[in-house]
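Peer 1: Have a look at this prediction, sequence included:
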Amino acid sequence: MCALIFACGHGCAFSQVLEPNRQATSRDYVDKLPAEKKNAMVVITGDKGSGTGFFAKLKGAVYLITNMHVISGQTSIKAKSMEGTDVQIAGIFGAHDADIALLKLTTVPTAFFEAEESVNTANKTGDSILIPGNSLGGGTILQTEGKIVAIGPVKIEHDAPTFHGNSGSPILSTSSWKVLGVDTESITVRLSDKSDSASARNSSSQIKSSVRLFGYRLDSVSQWEAIEWGRFAQQSKKLEEADAFVNAVQSVLKHDTNGWKKHTSTNAAMSGLGELMKKSRVSPTEVSAKVETVVLNFRNALKKIELDALDSKRTCYGYISLRYQELGEYAKALREFIDADKIR
């Protein structure tokens, strides 16, 4: 899963392959952001990770904008402007159907971007973009150039190199310097399907890279909801715990010992099974019964996560529910794999 999708910065899957032992030169660096816009950038840090934010005017008000996953799972966050001052946050709004957070400000900053009101009519595939952000969480704002690859109703796809820490970066049109979207996630292209693989090898294929990069369009959000931090933190914690368990069960199915040892419940179950099998006087019946118990417990826990994902539509904030739906589908796939007796 990409989930999570999280964090870029915290929970994101942004990554690039670096050329080893190469000394960078001045020609490698880009500085195209207008001087009057540089102070619109913000570095966000927390106890679980870091990301990027930016000041932008949206529907008549100026907010600090970032991804929801940058603040999700954090006990506390700090936002620091380019002048080195702490940004005072008065409230949080989250997109109901996208990974975008609007942080309400106590004072209006002097530098900010404007949000593009209609991304799909004002821009097209091939248009140049710039993404400034806190790449790899270094605490500095690096700028990377790229182009629009595609525009969808909710997301915008681009090819500007982005890393962990770029979550929450603005995707900027270099012709208008308006914000088109919020840099959010990467997806690794896997071509196990023969048809997909054949299409990718065709010169006419529009899938040109092994990694696809996406941001959520600011103009596509249909509903914003006020976020109460305590409730949001509680929901985020439960979601992260469920995500960790699902990944641990996958590690069991993949025979990834290091993976399942990282989670308390899978480590206890698999270690207990291993100790039983080491005993000199243990019958195959005992081992079989223990295996069935472990499998049943995993299966039932995955089923509960599926049900929690369904219930999240009613009980959770939109962003949490959005992530829960992805996790629920993942849990369902693992449970169905177990139910099909494929691990016996």
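Peer 2: The structure has been received and is ready for your questions.
Peer 1: what about the stretch 151-300 of the chain, any weak spots by pLDDT?
Peer 2: Low-confidence segments of the stretch 151-300 of the chain, defined by pLDDT under 70: 189, 191-202, 205-209.
Peer 1: Strands along that one, start to end?
Peer 2: Along the stretch 151-300 of the chain, counting by DSSP state E, counting those that start in this stretch, strands occupy 155-158, 170-173, 179-188, 211-217, 224-227.
Peer 1: Which secondary structure elements does the third one sit against?
Peer 2: I take that to be strand 179-188. If you count contacts as 3 or more Cβ pairs under 8 Å, 6 or more residues apart in numbering; DSSP states H and E, strand 179-188 packs onto strand 50-58, strand 61-66, strand 128-133, strand 155-158, strand 170-173, strand 211-217. Glycine gets a C-beta too; all of them are placed from N, C-alpha and C.
Peer 1: Residue ranges of each domain in this protein, please.
Peer 2: Using automatic domain parsing, the domain parsing of the chain gives 1-227, 228-339.
Peer 1: Same list, the ones you listed, but as a markdown table with mean neighbour count please.
Peer 2: What follows is those, written out as a markdown table (neighbours: other Cβ atoms under 10 Å):
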| stretch | mean neighbour count |
| --- | --- |
| domain 1-227 | 18 |
| domain 228-339 | 16 |
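Peer 1: if we can go back for a sec, residue 164 is nearest to which of the strands of the stretch 151-300 of the chain?
Peer 2: strand 179-188 (9.9 Å; Cβ to Cβ).
Peer 1: now that closest one against strand 50-58, angle please.
Peer 2: Orientation note: strand 179-188 sits at an angle of 150 degrees relative to strand 50-58 (axes from the mean of the first three to the mean of the last three Cα atoms, to 10 degrees).
Peer 1: Chain neighbours aside, what residue packs nearest to residue 108?
Peer 2: Nearest residue to residue 108, sequence neighbours excluded (Cβ to Cβ, 6 or more residues apart in numbering): residue 62, at 5.2 Å.
Peer 1: And residue 328, by the same measure?
Peer 2: Excluding its sequence neighbours, the residue lying closest to residue 328 (Cβ to Cβ, 6+ apart) is residue 309, at 2.6 Å.
Peer 1: Name the SS class of that neighbour, please.
Peer 2: helix (DSSP: H, G, I helix; E, B strand; the rest coil).
Peer 1: isn't it right up against residue 325?
Peer 2: Yes. Using Cβ atoms under 8 Å, residue 309 is in contact with residue 325, at 5.8 Å.
Peer 1: follow-up on the earlier one: can I get the helices and strands packed on strand 179-188 in TSV with distance to residue 225?
Peer 2: Converted to TSV, the helices and strands packed on strand 179-188 look like this (distance: least, Cβ to Cβ, whole Å):
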stretch	distance to residue 225
strand 50-58	15
strand 61-66	14
strand 128-133	26
strand 155-158	20
strand 170-173	22
strand 211-217	15
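Peer 1: If the residue nearest to residue 108 is in a bridge, with which residues?
Peer 2: residue 57 (DSSP bridges).
Peer 1: ditto for residue 91
Peer 2: Bridge pairing for residue 91 - DSSP bridges - gives residue 104.
Peer 1: Could you measure from it over to residue 102?
Peer 2: Distance, residue 91 to residue 102, by Cβ to Cβ, to the nearest Å: 9 Å.
Peer 1: Give me the phi and psi for residue 167.
Peer 2: phi -60, psi 130 (degrees, to the nearest 10).
Peer 1: Use 165 as the first number for this chain going forward.
Peer 2: Sounds good: first residue 165 from here, last item residue 331.
Peer 1: if I look at it, how far off is residue 409?
Peer 2: From residue 331 to residue 409 the distance is 24 Å (Cβ to Cβ).
Peer 1: Check residue 276 too.
Peer 2: Counting by Cβ to Cβ, the gap from residue 276 to residue 409 is 41 Å.
Peer 1: How about residue 226?
Peer 2: 40 Å.
Peer 1: for residue 247, same thing?
Peer 2: Distance of residue 247 to residue 409, computed by Cβ to Cβ: 43 Å.
Peer 1: ditto for residue 383
Peer 2: Residue 383 is 37 Å from residue 409, by Cβ to Cβ.
Peer 1: same deal with residue 249?
Peer 2: Counting by Cβ to Cβ - residue 249 and residue 409 are separated by 41 Å.
Peer 1: circling back to that earlier point, just so I know, which of the strands of the stretch 315-464 of the chain lies nearest residue 443?
Peer 2: In terms of Cβ to Cβ, the element of the strands of the stretch 315-464 of the chain nearest to residue 443 is strand 343-352, at 42.2 Å.
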